[in-house]
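Enquirer: build me a structure from this.
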Amino acid sequence: MAAGSPVSTSELTLDLVSPPVEADAPLDERDIELVQTTFAKVAELGAGPAGRILFGHIFRIAPEAKALFSFAQDEETMWLPGSRLEKHGAGVVKMVSTAVSLLRDLETLVPVLQRLGLQHVGYKVLPPHYDVVGAAFIATLEEALQTEFTEAVKNAYLKVWKIVQATMMGDNYAK
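Expert: Here you go, the predicted model:
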């Protein structure tokens, strides 16, 4: 499918290019449509393979992040199908899928993200780690969506990531 081609869903045809999406503007209905429509293609990869791709990008961007994950200590087996990395990555992708599905139900989504953020404090996740995961998430989307990863789609995902990041971090790192 060429960039700018409409994506058909049962309810709409969505232009992935215009109008442009400003990454700093508030999340709106079009952003939600772009994210929910295109994330379906990511889900087609399967949560495990998508999770392996995500962690590949995380470890490429920040090799030191491997120290946070016990499964990342065995380079030979961590990338194999069925590995602990794949299982953890699948859980991350499923959580993102849940967040994407709840973008119109923030009353339900916000407490889930707040709890998840608090859990990650216990895992020794620091604020800069969220930026690494955000960059890896965008790289994963670019790889999965290919020509459908237009600037408008990217900016819609950046808006969603900003919300996820801010909600998960919350007051957890206040001094």
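Enquirer: all contacts plus neighbour counts: C-alpha atoms, from now on.
Expert: Will do.
Enquirer: all helices of the chain, in order?
Expert: 29-45, 47-61, 84-101, 106-122, 127-145, 151-169 (DSSP state H).
Enquirer: the third one: which residues count as buried?
Expert: Spelled out, it's helix 84-101. Residues of helix 84-101 classed as buried under the neighbour-count rule (16 or more other C-alpha atoms under 10 Å) are 84-90, 92-97, 99-100.
Enquirer: quick one on the thing from earlier: looking at the helices of the chain, which is closest to residue 70?
Expert: Among the helices of the chain, helix 84-101 comes nearest to residue 70, with 9.0 Å by C-alpha to C-alpha.
Enquirer: and the closest one, how far out from the chain middle?
Expert: 9 Å (C-alpha atoms, centre = their mean, to the nearest Å).
Enquirer: ok so, going back, can the helices of the chain go into TSV with extra columns for distance to residue 77 and mean pLDDT?
Expert: As requested, the helices of the chain are exported to TSV (distance: least, C-alpha to C-alpha, whole Å; pLDDT from 0 to 100):
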stretch	distance to residue 77	mean pLDDT
helix 29-45	21	93
helix 47-61	12	94
helix 84-101	9	93
helix 106-122	25	95
helix 127-145	21	95
helix 151-169	30	94
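Enquirer: residue 23 is nearest to which of those helices?
Expert: Comparing these by C-alpha to C-alpha, helix 151-169 comes nearest, at 4.6 Å.
Enquirer: ok, the most centrally placed residue in the chain to residue 108 distance?
Expert: Geometric centre of the chain, nearest residue: residue 137, 4.5 Å, by C-alpha atoms, centre = their mean. Distance of residue 137 to residue 108, given as C-alpha to C-alpha, to the nearest Å: 22 Å.
Enquirer: same thing with residue 98?
Expert: Distance, residue 98 to residue 108, by C-alpha to C-alpha: 10 Å.
Enquirer: equivalent analysis for residue 25, please.
Expert: 23 Å.
Enquirer: go through stretch 68-77 and flag the buried ones.
Expert: For stretch 68-77, a neighbour-count test (16+ other C-alpha under 10 Å) marks 71-72 as buried.
Enquirer: distance of the residue lying closest to residue 77 once chain neighbours are set aside from residue 25?
Expert: Closest residue in space to residue 77, ignoring its immediate chain neighbours: residue 83 at 6.9 Å, by C-alpha to C-alpha, 6 or more residues apart in numbering. Using C-alpha to C-alpha, one obtains 39 Å as the distance from residue 83 to residue 25.
Enquirer: also residue 127?
Expert: Residue 127 is 22 Å from residue 25, where distance means C-alpha to C-alpha.
Enquirer: likewise for residue 53?
Expert: With distances taken as C-alpha to C-alpha, residue 53 is found 29 Å from residue 25.
Enquirer: perfect, I'm done here.
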